[in-house]
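1. Sequence first, predicted model second:
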Amino acid sequence: MKEMLQQLRRVAVDAILNAADAECLEALRIQYLGKKGELTKLLKMMGKLDPSERPAMGQLANQVRAEVENAIAKRRAEVEQMLLQARLESETVDVTLPGTEQKVGHEHPMYIVLDEIKDIFIGMGFEVLDGPEVEQSDYNFTKLNTDEGHPAREWSDTFYLTEDSSILLRTQTSPMQIRAMEEKPLPIRMLAPGRVYRKDEVDATHSPMFHQIEGMVIDKGITMADLKGTLNAVMKKLYGEDTVTRFRPHHFPFTEPSCEMDVQCHKCGGRGCPTCKGEGWIEVLGAGMVHPKVLEGCGIDTSVYSGYAFGMGLERLAMRRFKISDLRLIFENDVRFLEQF
Ligand code: DAH
């Protein structure tokens, strides 16, 4: 009996020390210490022993049970530690591996130019306004002194949204002049950039959607000299101190007198080259003194107040600024193009 207990202890402890994981340990526990386990079987044989031997054997049996239990507990702790170690190793992050590249967008060249222009005008005390792209014909045309029958109102040029031609996609940002005069207290110094729409086929210089920047000043004693002085200063800030400009007479229904402003070609210095199409000058905006009819239509007393207005094409400014040759590049949003600015 004594040998059998000692044998059991040796074999069991040996097996336990070699157990690979928690399941093996549990199986061994059941095999040796369970209700039908080997130690129990040995204990059942106690009855056959001489009563004088029983206390010593009982003691030994308890000792064996305790040792086997200790071995299991010790090995269990070891196995858990090994498992943790293995997990830590398999889950380590190699901080030296290259990361996944995050594509960061890029500010659009047209908005870079728009921000510069806004900054310049804000510095001169102008307020930046935003207005609707879906507009009433009244604001886009009528209140801007553009009568029924004017060619600009043609269905072939304008995206009308209603059969009666009363609602349209604005063809210019000039309706913002009316909205400002109707809503703002005088004096007004405003800049209104935004999208405009015309039925044009897409090519290198045309798009059915493009951007304009409208500007207007209404105050006491405003003259053409204010218009010229302000716009000259803006062009110098935008294109450099040596920028040369000229004003040509023109016609717009909502200004009187009206003009267009040209900037001398930066490429050829006015001699004529492919960039300016041989002209020596590049047209940058339309402008003029706000027509008295327009002012009066908005309830402004023309014996006290006068004003000037201008409208420029943003794409054209951006193209000139960054030497972009084709308008379509501005709208395609090819990252390889956008990244260059
Ligand atoms: N709205 C005109 C256009 O689209 C541009 C323009 C001309 C705006 C004269 C003005 C202006 O404010 O005074 O061609």
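-> Cool, the structure landed. Since this is a predicted model, take the numbers as computed values, not measurements. Numbers count the residues shown, from 1 in each chain.
2. Identify, by residue count, the longest helix of this structure.
-> The residue-count maximum for a helix in the chain (DSSP state H) belongs to helix 54-90.
3. Give the buried residues for it.
-> Neighbour-count burial for helix 54-90, with 16 or more other Cβ atoms under 10 Å as criterion, is recorded at 57, 60-61, 64-65, 68, 71-72, 75-76, 79. C-beta coordinates here come from the backbone N, C-alpha and C atoms, glycine included.
4. who in the stretch 151-300 of the chain is up against the ligand?
-> 172, 174, 214, 252, 255, 286-288 (Cβ under 6 Å from any ligand atom).
5. following the longest helix of the chain, which helix or strand shows up next?
-> Where DSSP states H and E defines the elements, the next helix or strand beyond helix 54-90 is helix 109-123.
6. What helices and strands are in contact with that following helix?
-> Helix 109-123 sits against strand 127-128, strand 188-197, strand 209-220, helix 224-239, helix 314-322, with contacts defined as 3 or more Cβ pairs under 8 Å, 6 or more residues apart in numbering; DSSP states H and E.
7. Which one of those lies nearest to Asp157?
-> Nearest to Asp157, of all these, is strand 188-197, at 10.1 Å by Cβ to Cβ.
8. what's the angle between that closest one and helix 314-322?
-> 100 degrees (axes from the mean of the first three to the mean of the last three Cα atoms, to 10 degrees).
9. Contacts for strand 188-197 next, please.
-> 114, 117-118, 121-122, 124-131, 133, 159, 169-173, 176, 180-181, 184, 208-219, 307, 314 (Cβ atoms under 8 Å, 6 or more residues apart in numbering).
10. same deal with stretch 2-11?
-> 32, 38-39, 42, 57, 60-61, 64, 67-68.
11. okay if I get the residues you listed as CSV plus pLDDT and distance to the ligand?
-> Below are the contacts of stretch 2-11 laid out as CSV (pLDDT from 0 to 100; distance: Cβ to the nearest ligand atom, whole Å):
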residue, pLDDT, distance to the ligand
Tyr32, 86, 97
Glu38, 85, 101
Leu39, 84, 101
Leu42, 80, 107
Met57, 83, 113
Leu60, 84, 109
Ala61, 84, 106
Val64, 84, 103
Glu67, 86, 99
Val68, 85, 97
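12. Asp157 against Arg198, yeah?
-> Yes: contact status for Asp157 versus Arg198: in contact at 5.9 Å, counting by Cβ atoms under 8 Å.
13. any residues in contact with both of those two?
-> Thr171.
14. The two: which has the busier surroundings?
-> Legend: neighbour count by other Cβ atoms under 10 Å for Asp157 and Arg198, higher for Arg198 (17 against 12).
15. What is the three-state secondary structure of whichever residue of the stretch 101-250 of the chain sits closest to the ligand?
-> For the stretch 101-250 of the chain and the ligand, the shortest gap (Cβ to the nearest ligand atom) falls at Gln172, measuring 3.6 Å. Three-state assignment for Gln172 (DSSP: H, G, I helix; E, B strand; the rest coil): coil.
16. Show the backbone phi and psi for it.
-> When read as degrees, to the nearest 10, the backbone of Gln172 gives phi -160, psi 160.
17. List the contacts of it.
-> Taking Cβ under 8 Å, 6+ apart, one finds 140, 196, 212, 214, 311 in contact with Gln172.
18. again, only using 10 Å
-> 135, 140-141, 144, 146, 152, 194, 196-198, 212, 214, 252, 254, 286, 311 (Cβ atoms under 10 Å, 6 or more residues apart in numbering).
19. cool, and Asp157?
-> Counting by Cβ under 10 Å, 6+ apart, Asp157 touches 151, 171, 198-200.
20. Can you lay out those as TSV showing pLDDT?
-> TSV is the format used below for the contacts of Asp157 (pLDDT from 0 to 100):
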residue	pLDDT
Pro151	89
Thr171	97
Arg198	96
Lys199	95
Asp200	93
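21. Top of those residues by number of neighbours, please.
-> Ranked by neighbour count under the definition other Cβ under 10 Å, those are headed by Thr171 with 21 neighbours.
22. Tell me where the stretch 151-300 of the chain is predicted with low confidence.
-> Along the stretch 151-300 of the chain, no part satisfies pLDDT under 70.
23. 80 - rerun?
-> Applying pLDDT under 80 to the stretch 151-300 of the chain flags the ranges 266-267, 275.
24. And the residue of it that's closest to the ligand?
-> Residue nearest to the ligand within the stretch 151-300 of the chain (Cβ to the nearest ligand atom): Gly286, separated by 2.8 Å.
25. Can you report how many residues lie near that residue?
-> A total of 21 residues lie near Gly286 under the criterion other Cβ under 10 Å.
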